[in-house]
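J.: Provided below for reference: sequence and predicted model.
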Amino acid sequence: MDVRQHLTDLLRTALGSVAPEQFGTEILLERPKQASHGDFASNLAMQLARELKTNPRQIAERLVRELPPSSAVVKVEIAGAGFINFTLSAAARTAVVGAVLAAGHDFGRGPASRVKLQVEFVSANPTGPLHVGHGRGAAYGASLASLLAFAGYDVTREYYVNDAGRQMDILAVSAWLRYLELFDEPLPFPPNAYQGGYVREMAEQIKQAHGDRYVHPAEAVLACVPDTEDAEARLDGMILAGKDLLGEDWAYIHGHVLSEQLADCRADLEEFGVHFDVWFSERSLFDTGMVTRAVAALEQSGHIYLQDGAKWFSSTAFGDEKDRVVQRDNGLYTYFASDIAYHLNKFERGFDKVIDVWGADHHGYIPRVKGALSASGANADRLDVTLVQFVSLFRDGQKASMSTRSGEYVTLRQLREEVGNDACRFFYMLRKSDQALDFDLDLAKSESNDNPVYYVQYAHARICSVLAQWDGDQSLLARADLAPLLHERETALCARLAEFPELIQQASRDYAPHALAFYLKDLAGDFHSWYNAERVLVDDEATRHARLALALATRQVLQNGLSLLGVSQPVSM
RNA sequence: GCGCUCGUAGCUCAAUGGAUAGAGUACUGGCCUCCGAAGCCAGGGGUUGUGGGUUCGAUCCCCGCCGAGCGCGCCA
């Protein structure tokens, strides 16, 4: 029996007697923060006060008088401004233990829904190792996707691979220039090319595999570089040199660095426990003509105009600050154009809801994407964008640089190796996604021993330990008589367990996996508190079995929750 | 300048419009001859940046101001 639903029904019945014309009022039950306020509280009387023009306490009294009797409820009180507080019977409180043990790893799982969701996250340019900012997006997206799947939705996890743009060209030319250095070609390495050591490694690989095949004299390269102070224009000149001099071979270099970086990124994420169902190539949107079609469709519906040789999308008509270019005067499509095609493609694939997890610096991008979807006749409300705020790194009290191109940044891999995957995943979840995160590296290392994740994992290990010492048949515990569970800390723990399914629904609705991390901390706290106060392996068999059942149920919920966050559940530590 | 996001205990962070705003950490004092002390118990710590508004009720919703981050490109 779902107690919450039961109480809602009772209140609904009372409402029908007291105020039939308000029968449709939404009935909300919350779990009071204070134990003295009972197990559930309703503010129904206060909600009705305005419509009925009556003192809420009077309404509450009438409601309570009309409540049908229930064996699950031992006390109903009116308190404060007009709260109706319910206190449950001992049996109703402890029943959750049996429910957890019966459902096992499915406890808390929502009813299967046919609603198809897509969560797209990370989607970092494959131009270098992932850094700690990407790590936050990865941890958030992965936990969110797991949470939504557990809540019952049909979830697809997707990574958008930006394999078509200028950044990839810059990476390719960076590797090629490093390669030329290996043959002592006198070329200055541009300050705005990718500086990281991994670029040199790729150059070395290319030399090992293909010798001097891609060598061209420095003069030939420099001949393409314009005589200007503009560093970006000079870099573009070098890219042009690469394409001209290498011809077909440019595609090899480009493809090689792309696959190298993508493989590295993929391995990094897998080690972090972050998996994707689909790796979607931006280039495929061009190859299949989707970008052209998307722009043509906008053009046909009259949302495109020409100015200064470029094609502009009139996004101001859809609430954007200014209009945006979709096709440049040189004929190349902008990133925005492929993004329109990409989102239309997502919708065409039949997702009821598309969730994009973006870095907070992309917030200005939302109106134009939604605008383009609306202009294309799609329902922009099917797109939800969740912004994950920045991670600022501090080293020796100094804010560290996070530039990918400069190569001076802390990688996700370094962070994982320093503090461990579990602590990392949990630490990222310990704040709302819209809260900026200051990550002090020295602190992260020194704090790794009292990271809250160990507090939660320790609760799990303790339970495993006591179960091992008992050494009995755990399947018997599912049928244990729970009447001996009478202590305050036992009912508090039971209440916490009962909260889990509600929390799953709420956290998934709010796209708030951090709520799960906080819940697990609270659950572990309730367990430790109880475990310190009451002995489990007592002589009395009835008490022993009831407490073992409670411990086992707690372990089950810890497992269910931690696995959603991608955190391991050690038997000992 | 305009726009988005944020501002809560010394520090790091929570809080579906609800009751006395909570945890962790740090600090102080207790608890292992007994299931793991990576734990527990107790204590001090707050004008929720600020001024208004809506509401029976505001950390939460609306407006102004102050402060911080980010964005405002024919880059991605």
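T.: All right, it came through fine.
J.: Quick check: phi and psi on A:N379?
T.: Main-chain torsions, A:N379, degrees, to the nearest 10: phi -90, psi 100.
J.: Provide the count of other residues in contact range of A:E488.
T.: 11 (other C-beta atoms under 10 Å). Quick note: C-beta positions are derived from backbone N, CA and C, even for glycine.
J.: burial measure for the residue nearest to it when sequence neighbours are not counted, as a count.
T.: In this structure, A:E488 finds its nearest non-sequential neighbour in A:A35, 7.3 Å apart by C-beta to C-beta, 6 or more residues apart in numbering. Using other C-beta under 10 Å, A:A35 has 12 other residues around it.
J.: A:T8 too?
T.: Neighbours around A:T8, by other C-beta under 10 Å: 18.
J.: before we move on, what about A:L44?
T.: Neighbours of A:L44 using other C-beta under 10 Å come to 28.
J.: before we move on, what about A:A468?
T.: Neighbours of A:A468 using other C-beta under 10 Å come to 10.
J.: Am I right that the residue nearest to A:E488 is in contact with A:D526?
T.: No. Contact status for A:A35 versus A:D526: not in contact, 11.7 Å apart, counting by C-beta atoms under 8 Å.
J.: Please report how far the residue nearest to A:E488 lies from A:R200.
T.: 62 Å (C-beta to C-beta, to the nearest Å).
J.: ok, now A:V453?
T.: With C-beta to C-beta as the criterion, A:V453 and A:R200 are 36 Å apart.
J.: and the residue located most distally from the centre of chain A, what pLDDT?
T.: Ranking residues of chain A by C-alpha distance from their mean position (C-alpha atoms, centre = their mean) puts A:E219 at the top, at 49.6 Å. You'll see A:E219 listed with a pLDDT of 93.
J.: List the buried residues of stretch A:271-280.
T.: A:F272, A:G273, A:V274, A:F276, A:F280 (16 or more other C-beta atoms under 10 Å).
J.: again with stretch A:191-209
T.: Those would be A:A193, A:Y194, A:Q195, A:G196, A:Y198, A:V199, A:R200, A:M202, A:A203, A:I206, A:K207, for stretch A:191-209 by 16+ other C-beta under 10 Å.
J.: is it true that A:E158 lies in a strand?
T.: Yes. Checked against DSSP: H, G, I helix; E, B strand; the rest coil, A:E158 lies within a strand.
J.: Hmm, it is touching A:Q118, no?
T.: Yes. Checked against C-beta under 8 Å, the pair A:E158 and A:Q118 is within contact range at 5.8 Å.
J.: Overlap in contacts, those two.
T.: Residues touching both A:E158 and A:Q118 by C-beta atoms under 8 Å, 6 or more residues apart in numbering: none at all.
J.: so where's chain A uncertain?
T.: When residues are selected by pLDDT under 70, those of chain A lie in A:1, A:395-408, A:441-449.
J.: Report the separation between A:L344 and A:A483.
T.: 60 Å.
J.: swap in A:D473?
T.: Taking C-beta to C-beta, one finds A:D473 at 20 Å from A:A483.
J.: okay, those two: which has more neighbours?
T.: The neighbour comparison of A:D473 against A:A483 (other C-beta under 10 Å) goes to A:A483, with 12 against 7.
J.: Am I right that that one sits in a strand?
T.: No. Counting by three-state DSSP, A:A483 is not part of a strand but coil.
J.: so it touches A:A546, yeah?
T.: Yes. A:A483 is in contact with A:A546 according to C-beta under 8 Å; the separation is 7.1 Å.
J.: got a list of what the residue in the stretch 51-200 of chain A that RNA strand B sits nearest to touches?
T.: The stretch 51-200 of chain A approaches RNA strand B most closely through A:G165 (2.8 Å), counting by C-beta to the nearest atom of the strand. Counting by C-beta under 8 Å, 6+ apart, A:G165 makes contact with A:N125, A:E282, A:Y335.
J.: tally of neighbours for the last one?
T.: Just to be clear, that refers to A:Y335. 16.
J.: And for the first one?
T.: Other residues near A:N125 number 17, with proximity taken as other C-beta under 10 Å.
J.: Ramachandran angles for it?
T.: Note on A:N125: backbone dihedrals following degrees, to the nearest 10 are phi -60, psi 130.
J.: I'd like to know how far it sits from A:L564.
T.: In terms of C-beta to C-beta, A:N125 sits 29 Å off from A:L564.
J.: got it, and the last one?
T.: Distance from A:Y335 to A:L564, counting by C-beta to C-beta: 33 Å.
J.: same deal with the second one?
T.: If you measure A:E282 against A:L564 using C-beta to C-beta, the figure is 30 Å.
J.: ok, these two, which is more surrounded?
T.: With neighbours defined as other C-beta under 10 Å, A:E282 and A:L564 compare such that A:L564 has more, 25 against 21.
J.: List the contacts of the more buried one.
T.: A:S143, A:S146, A:L147, A:F150, A:P513, A:L516.
J.: quick one: A:F280 is in a helix?
T.: No. Using three-state DSSP, the assignment for A:F280 is strand, not a helix.
J.: which non-adjacent residue is nearest it?
T.: A:Y160 (5.3 Å).
J.: my guess is that neighbour meets A:N125, correct?
T.: No. Here A:Y160 does not reach A:N125: they are 10.1 Å apart, not a contact under C-beta under 8 Å.
J.: Format the buried residues of stretch A:271-280 as JSON lines; extra columns: distance to RNA strand B.
T.: As requested, the buried residues of stretch A:271-280 are exported to JSON lines (distance: C-beta to the nearest atom of the strand, whole Å):
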{"residue": "A:F272", "distance to RNA strand B": "20"}
{"residue": "A:G273", "distance to RNA strand B": "19"}
{"residue": "A:V274", "distance to RNA strand B": "20"}
{"residue": "A:F276", "distance to RNA strand B": "18"}
{"residue": "A:F280", "distance to RNA strand B": "13"}
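J.: Compute the number of surrounding residues for the residue in the stretch 351-500 of chain A positioned nearest to RNA strand B.
T.: Nearest residue of the stretch 351-500 of chain A to RNA strand B (C-beta to the nearest atom of the strand) works out as A:G364 at 2.8 Å. Per other C-beta under 10 Å, the neighbour tally for A:G364 reads 9.
J.: same check, this time on A:L332
T.: Neighbour number of A:L332 under other C-beta under 10 Å is 10.
J.: what's the distance between it and RNA strand B?
T.: Going from A:L332 to RNA strand B by C-beta to the nearest atom of the strand, to the nearest Å gives 7 Å.
J.: Out of the buried residues of stretch A:271-280, which sit inside helices?
T.: When the buried residues of stretch A:271-280 are checked against helices (DSSP state H), there are no matches.
J.: and the residues you listed, which two are the farthest apart?
T.: A:G273 and A:F280 (21.1 Å; C-beta to C-beta).
J.: where along the stretch 201-350 of chain A do the strands fall?
T.: A:278-281, A:304-307, A:310-313, A:324-327 (DSSP state E, counting those that start in this stretch).
J.: What are the contacting residues of the second one?
T.: Same thing as strand A:304-307. Contacts of strand A:304-307 (C-beta under 8 Å, 6+ apart): A:V295, A:L298, A:K311, A:W312, A:F313, A:S314, A:V326.
J.: so how far is A:F318 from the first one?
T.: This means A:V295. A:V295 is 16 Å from A:F318, by C-beta to C-beta.
J.: repeat for the fourth one
T.: With the distance defined as C-beta to C-beta, A:W312 ends up 13 Å from A:F318.
J.: before we move on, what about the third one?
T.: Applying C-beta to C-beta, one obtains 17 Å for the distance of A:K311 from A:F318.
J.: Tell me which residues touch A:H528, please.
T.: A:Y455, A:Y458, A:A459, A:R462.
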